[in-house]
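Asks: Just a sequence and a predicted model for now, questions to come.
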Amino acid sequence: MPHTENILPGGRYAVVSCHVERPLDDGVWERFATLQARRPGGFRIAALMRPPDDGEDEVAWLGRARAAAERGPLGLHTHWTAPDHARPTGGDPAARVREQAEWLRSRGLDVALFCGGGWYTDVAVAEALAELGYADCTATGFRPSYLAADAPRLGVGEPCYVELPSGRRLLELPTTHSLGMLARRILLPYGGSIVHAYFHDTDLVDSFRRTALVAALASLGARRRQTDLTELQRGIRPVKTMSFANSRG
């Protein structure tokens, strides 16, 4: 049985996102903006951006976010502790999501995509996202090697709905391939109905990683139908629904 009912024209699809974690670093941003405009493999790359932290230049950030939104989908990438510390060390993660979502909305940015920093999520965060009408990309089809076995995360390999205690459902568009995984599959089958490849903006600083990414996306684009996260969010209705508890691991 297929995992999704494709509303988009038939075929297997691929999407690409970037975790933009240093949006105010001029050198990093220039490389990302250039790549996003270039559209390697034909992909409109989603910019999942970390909002400005205390003391960072909000005006410059907003200008860059609006420019990124003209080139591809725009999403929220929450770092829970600090710009250089993705996973939470305290506080209320769900409240932070709501605060950042409101900040984006109040500044006229139409955002409906989310990925938690360090792949962190919990049931309160998921409830907040469902309430906001976001689609979530925090679930992964792989276990990040740096996470402890009991670290809170969602393990999902195909798009699905996650059923929450409130009765709401959260649309999961899981991230399935890292840059390394994508590069290793240039001559191998990808598997799955949807490939969602991601990279970090800082990957682009290294010329070897940047070249490998462009080559991998060219190969992916030649072998899969290109779409983007916004069109995917609008265009598919997963067949499968999982409880939040059963999707952890």
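Replies: Received the coordinates, thanks. None of these values were measured; they are calculated from a predicted model.
Asks: counting contacts, what elements does the longest helix along the chain pack onto?
Replies: Longest helix in the chain, counting residues (DSSP state H): helix 207-223. Judged by 3 or more Cβ pairs under 8 Å, 6 or more residues apart in numbering; DSSP states H and E, the packing partners of helix 207-223 are strand 13-20, helix 26-38, helix 179-184, strand 194-200. (Each C-beta comes from the backbone N, C-alpha and C, glycine too.)
Asks: Out of the ones you listed, which one sits most buried?
Replies: Ranked by mean neighbour count under mean count of other Cβ atoms under 10 Å, those are led by strand 13-20, which reaches a mean of 26.
Asks: so how far is that one from its chain's centroid?
Replies: Averaging C-alpha positions (Cα atoms, centre = their mean, to the nearest Å) puts strand 13-20 6 Å from its chain's average.
Asks: Show me what counts as buried in the longest helix of the chain.
Replies: Going by neighbour count (16 or more other Cβ atoms under 10 Å), the buried part of helix 207-223 is 209, 210, 212, 213, 216, 217, 219, 220, 221.
Asks: can you map out the helices along the chain?
Replies: 26-38, 58-71, 93-106, 123-132, 179-184, 207-223, 229-235.
Asks: Identify whichever of these lies nearest to residue 12.
Replies: helix 207-223 (8.6 Å; Cβ to Cβ).
Asks: measure residue 66 to residue 209 for me?
Replies: Look at residue 66 and residue 209: by Cβ to Cβ, to the nearest Å, they are 27 Å apart.
Asks: CA atoms only: put stretch 152-169 into PDB for me.
Replies: Taking C-alpha atoms only, stretch 152-169 is exported to PDB below (Å, rounded to 0.1, in the frame of the first residue of the first chain):
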ATOM      1  CA  PRO A 152      13.700  12.900  22.200                       C
ATOM      2  CA  ARG A 153      13.200  12.600  18.500                       C
ATOM      3  CA  LEU A 154      10.700  11.300  15.900                       C
ATOM      4  CA  GLY A 155      11.700   8.400  13.600                       C
ATOM      5  CA  VAL A 156       9.600   8.400  10.500                       C
ATOM      6  CA  GLY A 157      10.600   7.400   7.000                       C
ATOM      7  CA  GLU A 158       7.600   8.500   4.900                       C
ATOM      8  CA  PRO A 159       5.200  11.400   5.100                       C
ATOM      9  CA  CYS A 160       2.400  10.700   7.600                       C
ATOM     10  CA  TYR A 161       0.100  12.300  10.000                       C
ATOM     11  CA  VAL A 162       1.100  12.200  13.700                       C
ATOM     12  CA  GLU A 163      -2.000  11.900  16.000                       C
ATOM     13  CA  LEU A 164      -1.700  14.000  19.100                       C
ATOM     14  CA  PRO A 165      -3.300  13.700  22.600                       C
ATOM     15  CA  SER A 166      -5.500  16.800  21.800                       C
ATOM     16  CA  GLY A 167      -7.000  15.000  18.800                       C
ATOM     17  CA  ARG A 168      -5.100  17.200  16.300                       C
ATOM     18  CA  ARG A 169      -3.000  15.800  13.600                       C
END
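Asks: Check which residues of that stretch are buried.
Replies: Those would be 152-154, 156-164, 169, for stretch 152-169 by 16+ other Cβ under 10 Å.
Asks: How far does it sit from its chain's centre?
Replies: The mean C-alpha position of stretch 152-169 is separated from the chain mean by 15 Å, Cα atoms, centre = their mean.
Asks: ok, and what's touching it?
Replies: With contacts defined as Cβ atoms under 8 Å, 6 or more residues apart in numbering, stretch 152-169 is touched by 3-4, 119-123, 126-127, 130-131, 136, 138-141, 143-144, 147, 170-174, 176, 192-194, 232, 236, 238, 240-244, 247-249.
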